[in-house]
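coords please:
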Amino acid sequence: MNRDYPLDKIRNFGIIAHIDAGKTTTSERVLFYTGMSHKIGEVHDGDTVTDWMEQERERGITITSAAITCFWNPSYMGTDVSKKVRFNIIDTPGHIDFTAEVKRSLRVLDGAVVVFDGVAGVEPQSETNWRYADDGNVSRICFINKLDRMGANFERSYASILDRLSKKAVRMQIPMGLEENFKGVIDLLKMKAYYFEGEMGIIVKEEEIPAEFAEEAKKYRAELIEKIVEQDDTLMTAYLEGKEPSFEDLKRILRKAVIDVKIIPVYAGSALKNKGVQLVLDAVVDYLPSPVDMPPIVGVHPDTGAEVIRHASDEEPFAALAFKLQNDPFVGQLTFFRVYSGTIEAGTYVYNSTTGEKERLGRIVRLQADKREEVKKVFAGEIAAAVGLKSAKTSHTLCDENDPIILDPIKFVEPVVSLRIEPKTKADQEKMGMALKKLSDEDPTFKISSNIETGETIVSGMGELHLDIMIDRMKREFNVEANIGKPQVAYKETITDEAEAEHKYIKQSGGKGQYGHVKIIFKPLEPLDPEKKLPKNVHRYDDFEFIDSIKGGVIPQEFIPAVEKGIREAMERGIVAGYKMVNVSAELTFGSYHDVDSSEIAYKIAASQAFQDGAKRAKPVILEPIMKIEVVFPEKFMGDITGSLSSKRGQIEGMEERGMLRVINAKVPLSEMFGYTTQLRSMTEGRGNANMEFSHYEVVPKNVELEIIEARK
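Sure thing, here's the model as predicted:
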């Protein structure tokens, strides 16, 4: 079975934005114009294709990323099939609590369409998503949406992209009119005006630029041309000599610059009013990369650790990354994966190089949001979902057993809010464990832990809304009723000084005894220098470092891992108030052993006791999560807002105007922010809103530390 679409005719891209910028509305237009749906669903009516979960339709927000496969003919829905391009699109959530969905989607996509609200411009989640795209060096196209709205301003929104995101952005279009006078767009490369007529703007009319916009278009076209010719010495020389580059040359150089993330084109429109979306789809075809334009994927060999490279080709050995799990009520667990090289057929076996297990790949489906199309085979560069894989989790590599490779895992942010949860009945107890495991498999930022002392189950997530949705899903999808405690802050502990501790664990009780003796230096963990190669005796993790400095075999080598394990387990319990200890460096410098009595358990206990002793003397402190918050409100409430933020130990970092509204950016401890949205509404007559995202951890003030310790007793 051969591939039905050549690799250069595939575009894997995501639609990303801040909440309410119009991503899902844009996705619905894409589905309509590409012929995948015969009516356009609206978010406010709760009938969109990509927001298919009940919770999404009720709340009017995207919670889980939806994968869509569709086809676009750049000649505006013409009949020439040879020009059709396959789109694999992921519509991602905009709310900060579901940011993991954006992060994992961008890891497997080649490009992104970043949607902005034409009134608000760049918003906090736009910046976070942009940062994720920068991390993955993902090519981007910007779409300034909602230009029909009251207060819309294309130039102000464009300036906010240049100012807060990237100087590489350049206008490809300008709008003709704004707000209720928004008529269409002008393409600066073609120097033509475009109008969108007929049902749902399905007819795209190309006309000459109206006289009133001619000067403006000329001025901005010159800016665009300069930006493009800067990328090519030959074109630059010709341009400086007064020769106008050809349209084909400009397009060719622009495509290369967008793929190399040297230029980010900016488009204009209104998805809700059906203006401009088709031209963005053309831009996806013209400028965003196909899998063959991407550099080869680099991984490591699971046995040797040697670097392994895979090119986007059906001829190379199979390599894919599982990037998302989804529980489907009809077929069970779906494992979404992106194929980087080679092919895989349904019914064959696939090797999971992360776990070392081999599994049968029962069925493969291609997703249209909540609908499935079964396929027999998937090829390099494609995105699909497998049915029936039991051991595959997010970030696992699926590959050919004879040519194994492990691809870089996706790194997720640690959760900052926790809840105590307990089943209502005995029957719920059994179901709850299974439900929570499935939900945490789906979402790596939703963590479950047990408090050994109290027997409680604690769930942790990215925010109150995140936990609220997860509990709601547990009730609806798994029929589990549970009692929920109040949201709790995920505090951490660390040490701020150096201390040395020595401990001998000796136990004699007749027969074989126990003997373990260690001397360890504990100190705060220094940031990792990426340029510096770590020595072989240093084991480095995200929040812990273990250094084996034992000389002359005073502790046998087989007991060293037990020392590391003992310290790590003790770190889970903390010192000050029982919170997990982070950012600790532990150097094992000395010890001794007994020929008969020494054992792994003895060294583990000795190391654990040494940690407790050393950490107590290394000036331990409690860390609290600090949130970055943006508050948008009418000016007359300025005094109330600044006063309330100050009372919450907030630090105001900046103020700005956004049309008729005022914006305050601040950093505030999470513990002070529970229920803030409700307070804000009552303070501003319902006209203010706030966006919050995790920023960093900081040492809590002494008076707050005492309150935390008291509350933990």
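
How about the residue nearest the centre of the chain, nearest residue that isn't a chain neighbour?
Centroid-nearest residue in the chain: residue 103, 1.8 Å away (criterion: Cα atoms, centre = their mean). Nearest non-adjacent residue to residue 103, counting by Cβ to Cβ, 6 or more residues apart in numbering: residue 132, 5.2 Å away. The C-beta positions use only the backbone N, C-alpha and C, and glycine is treated the same way.

And residue 605, how far from residue 517?
Distance, residue 605 to residue 517, using Cβ to Cβ, to the nearest Å: 11 Å.

ok, and the closest non-adjacent residue to residue 697?
Setting aside the residues directly before and after it, residue 697 is nearest to residue 623 in space (Cβ to Cβ, 6+ apart), at 4.2 Å.

Now do the strands in the stretch 501-650 of the chain.
Along the stretch 501-650 of the chain, the segments classed as strands by DSSP state E, counting those that start in this stretch run 514-524, 538-540, 544-548, 584-592, 620-634.

Save those strands as CSV, and put in mean neighbour count, mean pLDDT and distance to residue 612 too.
Formatted as CSV, the strands of the stretch 501-650 of the chain follow (neighbours: other Cβ atoms under 10 Å; pLDDT from 0 to 100; distance: least, Cβ to Cβ, whole Å):
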stretch, mean neighbour count, mean pLDDT, distance to residue 612
strand 514-524, 22, 95, 10
strand 538-540, 14, 90, 21
strand 544-548, 19, 94, 16
strand 584-592, 20, 94, 12
strand 620-634, 21, 91, 10
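
Need those strands in CSV (columns: distance to residue 560).
Formatted as CSV, these follow (distance: least, Cβ to Cβ, whole Å):
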stretch, distance to residue 560
strand 514-524, 10
strand 538-540, 10
strand 544-548, 5
strand 584-592, 7
strand 620-634, 25
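
just so I know, which of the ones you listed lies nearest residue 408?
Nearest to residue 408 among those is strand 538-540 (16.3 Å), distances taken as Cβ to Cβ.

which residues are contacting that closest one?
The contact list for strand 538-540, computed with Cβ atoms under 8 Å, 6 or more residues apart in numbering, reads 528, 534, 545, 546, 547, 548, 564.

Show me how far it is from its chain's centre.
Between the centre of strand 538-540 and the centre of its chain there are 27 Å (Cα atoms, centre = their mean, to the nearest Å).

Return the residues in contact with residue 697.
When contacts are counted by Cβ under 8 Å, 6+ apart, residue 697 touches 492, 623, 624, 625, 626.

typo on my end, residue 479
By Cβ under 8 Å, 6+ apart, residue 479 lies in contact with residue 431.

Could I get the phi/psi values of it?
phi 50, psi 40 (degrees, to the nearest 10).

re earlier: my guess is the residue nearest to residue 103 contacts residue 106. True?
Yes: assessed by Cβ atoms under 8 Å, residue 132 is found in contact with residue 106 at 5.0 Å.

Of the strands of the stretch 501-650 of the chain, which is nearest residue 250?
That would be, of the strands of the stretch 501-650 of the chain and by Cβ to Cβ, strand 620-634, which comes in at 37.9 Å.

Restrict that closest one to CA atoms and write it as CSV.
Extracted in CSV, the C-alpha atoms of strand 620-634 (Å, rounded to 0.1, in the frame of the first residue of the first chain):
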residue,chain,number,x,y,z
PRO,A,620,16.0,24.8,55.3
VAL,A,621,13.2,27.1,54.0
ILE,A,622,9.7,26.7,52.5
LEU,A,623,9.2,27.8,48.8
GLU,A,624,5.8,29.0,47.5
PRO,A,625,4.6,29.3,43.9
ILE,A,626,4.4,32.9,42.6
MET,A,627,1.9,33.6,39.8
LYS,A,628,2.2,36.1,37.0
ILE,A,629,-1.2,37.9,36.8
GLU,A,630,-2.6,40.3,34.2
VAL,A,631,-5.7,42.2,35.4
VAL,A,632,-7.8,44.1,32.8
PHE,A,633,-10.4,46.6,34.1
PRO,A,634,-12.0,50.1,33.5
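
could you give the angle of it to strand 584-592?
Strand 620-634 runs at 170 degrees relative to strand 584-592, counting by axes from the mean of the first three to the mean of the last three Cα atoms, to 10 degrees.

Check which element follows the helix or strand of the chain with the lowest mean pLDDT along the chain.
Every helix and strand of the chain was ranked by mean pLDDT, DSSP states H and E. The lowest is helix 54-59, at a mean of 44. Under the assignment DSSP states H and E, the closest C-terminal helix or strand after helix 54-59 is strand 66-72.

Pull the number of nearby residues for residue 226.
For residue 226, the neighbour count with other Cβ atoms under 10 Å is 12.

Quick check: which ranges of the stretch 301-450 of the chain have low pLDDT?
Across the stretch 301-450 of the chain, the ranges flagged by pLDDT under 70 are 329, 367-371.

And the helices in it, which stretches?
All helices of the stretch 301-450 of the chain, identified by DSSP state H, counting those that start in this stretch, fall at 426-442.

Is residue 523 in contact with residue 500, as I believe?
No: at 9.5 Å, residue 523 does not count as touching residue 500 under the criterion of Cβ under 8 Å.

neighbouring contacts of stretch 240-257?
With Cβ under 8 Å, 6+ apart as the test, stretch 240-257 has contacts from 189-190, 225, 228-229, 231-232, 235, 238-239, 263, 265, 286-287.

Correct me if wrong: residue 342 contacts residue 319.
Yes: counting by Cβ under 8 Å, residue 342 touches residue 319, with 6.3 Å between them.

With neighbour numbers in mind, choose between those two.
Using other Cβ under 10 Å as the criterion, residue 342 and residue 319 rank with residue 319 on top: 26 against 21.

could you point out where the stretch 451-600 of the chain is predicted with low confidence?
Residue ranges of the stretch 451-600 of the chain with pLDDT under 70: 451-455, 510-511.

What about residue 273, how many residues nearby?
For residue 273, the neighbour count with other Cβ under 10 Å is 16.

what's around residue 215, how many residues?
When neighbours are defined as other Cβ under 10 Å, residue 215 has 10 of them.

how about it, phi and psi?
Main-chain torsions, residue 215, degrees, to the nearest 10: phi -60, psi -50.

give me every residue that touches the closest residue to residue 492 other than its chain neighbours.
Distances taken as Cβ to Cβ, 6+ apart put residue 623 closest to residue 492, at 4.5 Å, once the chain neighbours are dropped. Contacts of residue 623 were listed using Cβ under 8 Å, 6+ apart, and they are 491, 492, 493, 494, 582, 697, 698, 699, 700.
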